[in-house]
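1. Turn this into a model:
(one chain, ligands or ions: 1)
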Amino acid sequence: MDLGKTTKMPRVVIVGGGFGGINLAKKLKNKPVEVLMLDKHNYHTFQPLLYQVAMGYIEADSIAFPFRRIFTGQKNFSFNLADVQKINPEKNTVTTDIGEIAYDYLVIATGANTNFFGNKEIEHFTMPMKNVAEALNIRSFMLQNLEKAVVEKDNDEREALLTFVVVGGGPTGVELSGALAEMRNNILCKDYPSLCQEDMKVYLVEGKSVVLGAMSASASTEAKKALLTMGVVIYNGVHVQSYDGYELKIDDGKVIETRNVFWAAGVMGEVPQGIAEGTIARGGRIQTDEINRVVGYQNIFAIGDVSAMITPETPNGLPGMAQGAIQTGQHLAKNIMHLINEEPTEPFKYFDKGSLATIGQYKAVADIWKLHFHGYPAWLLWMFVHLMSLVGFSNKVSVLVSWAIKYFSRNTDNRLIVRFFNTETRMTESVPK
Ligand SMILES: Cc1cc2nc3c(=O)[nH]c(=O)nc-3n(C[C@H](O)[C@H](O)[C@H](O)COP(=O)(O)OP(=O)(O)OC[C@H]3O[C@@H](n4cnc5c(N)ncnc54)[C@H](O)[C@@H]3O)c2cc1C
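-> Sure, this is the predicted structure:
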């Protein structure tokens, strides 16, 4: 395959087709540049609805959309399925599993990955949720353990199979624990009559003294209230010390016997090799200046979750949210064209549109500028924003239909075990033929 340039125009190589990458590529449409996107998946993932895939609320396909389909008709765009392994700034190339690829401008948009804070045991035995495969792992694992609980004779093991612990009380942890409680309250007894509701326990463990610590005090309080009403047991202000696949030890001395631990306690930038170590800021993110140019490089940029634009206004970088990635991606398109045309660049300014989190049906919290509200209006707004932000018309329709079915029946249809886990090795095994 020829991985060389196809035109005389400058080539912008974008590594990663998340919110940042696709918005940058779209804004470069009809511009005199060659845009090459590289991603290890052939589709864009809408991460905010991953937890709904994990809980079987919606189909996995409905939150993903193939890049080649998104960019049909964009003549200056091409895509290669490639895992970028290393950046070679001295040669202006990237090393990938399909060969070495040259760039004139390189944009790193590789997002973030789960942070286990160096604890290998926790990494091995807990389950993260950053992509479609991991969400499907959680779905299969949860259903597999419910099936095991139905036939388990040992009471302690049965209890451990029916105990679910979510670590991390940010939006992902709150949404996941709320959805688990909802599944326990609405579905468990219908699907598994022998497992009565009280048998399944849901815990949320969070190091800070509140849940949703990055949102307003009112959002934190309302989210906690909603989770408690749904029967989630919340441990605030404590940290998980260890988990060996059975006993989860917390630093206040508590021990929870569980077979199901979902890890939503931290993220770190997914930084490819080859970027100077001195440019890596807090949270493992690449430090950039105010036009998203990686500090110390002329033609390498970083946007979205992998980047940390440290300015007096944003001393910790932008929040790791879709809006940060979308806005930095869109703005960088302008600045790349300014650089090519030898014009002055425009510093990036973040426009905070607010934050939303959902806890369950009719339950959500919203901070929109100075407005803080919760309950039904916040839940309707959450649904509208997420539906509108999904890529692809068919995905919007599919998710809307699944939500309508869930709304009226209080049940869902996607509870398939598509892969088996070996509980000890945590390796996936294919389902029997
Ligand atoms: C479970 C969950 C729920 C969330 N909920 C919300 C929410 O409700 N609201 C909100 O605003 N934000 C939410 N977020 C955060 C939001 O999804 C991210 O901020 C956003 O996706 C970041 O976009 P990005 O473009 O930087 O990276 P990503 O969307 O992570 O995309 C990175 C892309 O890079 C590719 N990639 C990575 N490494 C390589 C490599 N070496 N080679 C090739 N390709 C590579 C990946 O395959 C991926 O396609 C959530 C995130 C998660 C995980």
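2. Which helix or strand contains Gln144?
-> Here Gln144 sits within helix 132-151, counting by DSSP states H and E.
3. which helices and strands does that helix pack with?
-> The contact analysis (3 or more CB pairs under 8 Å, 6 or more residues apart in numbering; DSSP states H and E) places helix 132-151 against helix 50-54, helix 155-161, strand 260-263, strand 419-421. C-beta coordinates here come from the backbone N, C-alpha and C atoms, glycine included.
4. and these, which is most packed in?
-> Highest mean neighbour count of the helices and strands packed on helix 132-151: helix 50-54, a mean of 25 (counted as mean count of other CB atoms under 10 Å).
5. That one close to the ligand?
-> Yes - Helix 50-54 reaches the ligand (CB under 6 Å from any ligand atom) through Leu50, Tyr51.
6. What is whichever helix or strand comes after that helix packed up against?
-> As assigned by DSSP H and E, the chain's next helix or strand after helix 50-54 is strand 64-66. Secondary structure elements in contact with strand 64-66, counted by 3+ CB pairs under 8 Å, 6+ apart, are strand 43-45.
7. which strands and helices sit next to the strand it packs on?
-> Here strand 43-45 touches strand 64-66, helix 67-70, going by 3+ CB pairs under 8 Å, 6+ apart.
8. next SSE after the longest one?
-> The first helix or strand that comes after helix 67-70 along the chain, using DSSP H and E, is strand 77-81.
9. So that following strand, near the ligand or not?
-> No - using CB under 6 Å from any ligand atom, strand 77-81 stays clear of the ligand, with a minimum separation of 8.8 Å.
10. Show me which positions of whichever helix or strand comes after that strand end up buried.
-> Going down the chain from strand 77-81, the next helix or strand is strand 84-88, by DSSP H and E. Using 16 or more other CB atoms under 10 Å as the test for burial, strand 84-88 gives Val84, Ile87.
11. Which strands and helices lie in contact with strand 84-88?
-> So strand 84-88, by 3+ CB pairs under 8 Å, 6+ apart, packs with strand 93-96.
12. Apart from its chain neighbours, what residue comes closest to Asn115?
-> With CB to CB, 6 or more residues apart in numbering as the criterion, Asn115 has its nearest non-adjacent residue at 3.6 Å, and that residue is Gly266.
13. Could you list the contact residues of the stretch 101-250 of the chain toward the ligand?
-> Residues of the stretch 101-250 of the chain lying near the ligand by CB under 6 Å from any ligand atom: Ala109, Thr110, Gly111, Met129, Lys130, Pro171, Thr172.
14. for the third one, what are its contacts?
-> Contact criterion CB atoms under 8 Å, 6 or more residues apart in numbering gives Gly16, Gly18, Gly20, Glu270, Gly304, Asp305, Val306, Ala325 as the residues in contact with Gly111.
15. What separation is there between the nearest residue in space to Ile368 that is not next to it in sequence and Gly269?
-> Distances taken as CB to CB, 6+ apart place Gly354 nearest to Ile368, at 3.8 Å, with adjacent residues excluded. Separation of Gly354 from Gly269 (CB to CB, to the nearest Å): 24 Å.
16. the more surrounded of these two?
-> A side-by-side neighbour count of Gly354 and Gly269, using other CB atoms under 10 Å, places Gly269 first with 26 against 16.
17. That one against Gly304, yeah?
-> No - look at Gly269 against Gly304 with CB atoms under 8 Å: they stay out of range, at 9.5 Å.
18. I'd say Pro48 and Ala322 touch.
-> Yes - if you go by CB under 8 Å, Pro48 and Ala322 touch, sitting 6.7 Å apart.
19. Can you flag which of the residues of the stretch 101-250 of the chain next to the ligand belong to helices?
-> Pro171, Thr172 (DSSP state H).
20. which one of the residues of the stretch 101-250 of the chain next to the ligand is nearest Val210?
-> Set against Val210, the nearest of those by CB to CB is Pro171 (13.0 Å).
21. since we're on the closest one, how many residues are nearby?
-> Residues contacting Pro171 under the criterion other CB under 10 Å number 23.
22. Next up, the contacts around it.
-> Taking CB under 8 Å, 6+ apart as the test, what Pro171 contacts is Leu212, Ser355, Ala357.
23. which one is the second one nearest to, not counting chain neighbours?
-> Right, Ser355. The shortest distance from Ser355 to any non-neighbouring residue, by CB to CB, 6+ apart, is to Asp367 (5.0 Å).
24. Let me know the pLDDT of Met388.
-> Listed pLDDT for Met388 reads 95.
25. need the contacts of Gly111 in TSV with neighbour count and pLDDT, can you?
-> Below are the contacts of Gly111 laid out as TSV (neighbours: other CB atoms under 10 Å; pLDDT from 0 to 100):
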residue	neighbour count	pLDDT
Gly16	29	98
Gly18	26	98
Gly20	31	98
Glu270	21	96
Gly304	32	97
Asp305	31	97
Val306	29	97
Ala325	27	97
